[in-house]
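> give me the fold of what follows.
(2 chains)
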Amino acid sequence: DVKVTQSSRYLVKRTGEKVFLECVQDMDHENMFWYRQDPGLGLRLIYFSYDVKMKEKGDIPEGYSVSREKKERFSLILESASTNQTSMYLCASSSVYRWETQYFGPGTRLLVL
Amino acid sequence: AQSVTQPDIHITVSEGASLELRCNYSYGATPYLFWYVQSPGQGLQLLLKYFSGDTLVQGIKGFEAEFKRSQSSFNLRKPSVHWSDAAEYFCAVATYNTDKLIFGTGTRLQVFP
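Numbering: from 1, shown residues only, chains lettered A, B, ... in the order given. Below is the predicted model of the structure:
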């Protein structure tokens, strides 16, 4: 069974903290994605990666960075968390084509105080 | 600009009733179309997808969707809803020469016994 796991289901951080969200997939997929989900806005793409050490900005990259040192792991970094980054963060992966079926993790609900 | 519209934010149906969730897209090229479901507290799961061929697509959990090019629509249907279908449903669109999925804002389905 395919699996995408995220390091935390819930996180509470303070403004200004550096936050790491980690995602691991066990499907040997080339592509990995980080989305942010907010009510009424659907899913918005933050960053994606199509290979180890390769990344591209999505629609809302400001305030975020990413790291992909190994094929199975994709990290989202909030350099200095702000309250407007309180959200649900979803990781996904897909093989070959970026628009192909994406497999999602359970999400991390982040609260920034 | 490419876009996906889910005009219904919230739908309520009785268990056993039929269901139709609407999705309209704005794309110049032949689209690839997806429906995902997100159960409470979970990530997204693919229900079905359309790439080409028969415009009526069968998915998991008894769902189906019909691609209508003339109406730029890809509506999701189920003949008899179960209480476990209560969830949020997302339509998504891509084309071969894009590198990402575009998600709609979602429709929340509530099912009454």
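> can we go C-alpha only for contacts and neighbour counts from here?
Fine.
> spell out which residues sit in contact with the residue nearest in space to the middle of chain A, please.
With distances taken as Cα atoms, centre = their mean, the residue of chain A nearest its centroid is A:Trp34 (2.8 Å). A:Trp34 makes contacts with A:Leu45, A:Ile46, A:Tyr47, A:Phe48, A:Leu76, A:Tyr89, A:Leu90, A:Cys91, A:Ala92, as judged by Cα atoms under 8 Å, 6 or more residues apart in numbering or on different chains.
> average model confidence for stretch A:91-106?
Taken as a whole, stretch A:91-106 has an average pLDDT of 86.
> now do the end-to-end distance for it.
In stretch A:91-106, first residue to last residue: 8 Å (Cα to Cα, to the nearest Å).
> kindly report the same for stretch A:71-89.
With Cα to Cα, one end of stretch A:71-89 sits 20 Å from the other.
> related to what we said a few turns ago, just checking: what are the partner strands of the helix or strand where the residue nearest to the centre of chain A lies?
When elements are assigned from DSSP states H and E, A:Trp34 belongs to strand A:31-38. Taking DSSP bridges as the criterion, strand A:31-38 sits next to strand A:42-51 (antiparallel), strand A:87-94 (antiparallel) in its sheet.
> show me how to select, in ChimeraX, the buried members of the contacts of A:Trp34.
This is how ChimeraX selects the buried members of the contacts of A:Trp34, with burial counted by 16 or more other Cα atoms under 10 Å in any protein chain shown:
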select /A:45,46,47,48,76,89,90,91,92
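> farthest pair in the contacts of A:Trp34?
Taking every pair in those and measuring Cα to Cα, the maximum separation is 13.2 Å, between A:Phe48 and A:Tyr89.
> what lies in contact with stretch A:8-25?
Applying Cα under 8 Å, 6+ apart, the set of residues contacting stretch A:8-25 from outside is A:2-7, A:72-83, A:91, A:93, A:105-113.
> what bits of chain A have low per-residue confidence?
Along chain A, the parts satisfying pLDDT under 70 run over A:1-2, A:98.
> what's around the closest residue to B:Thr105 other than its chain neighbours, how many residues?
With Cα to Cα, 6 or more residues apart in numbering or on different chains as the criterion, B:Thr105 has its nearest non-adjacent residue at 3.8 Å, and that residue is A:Gly42. Other residues near A:Gly42 come to 18 when the count uses other Cα atoms under 10 Å in any protein chain shown.
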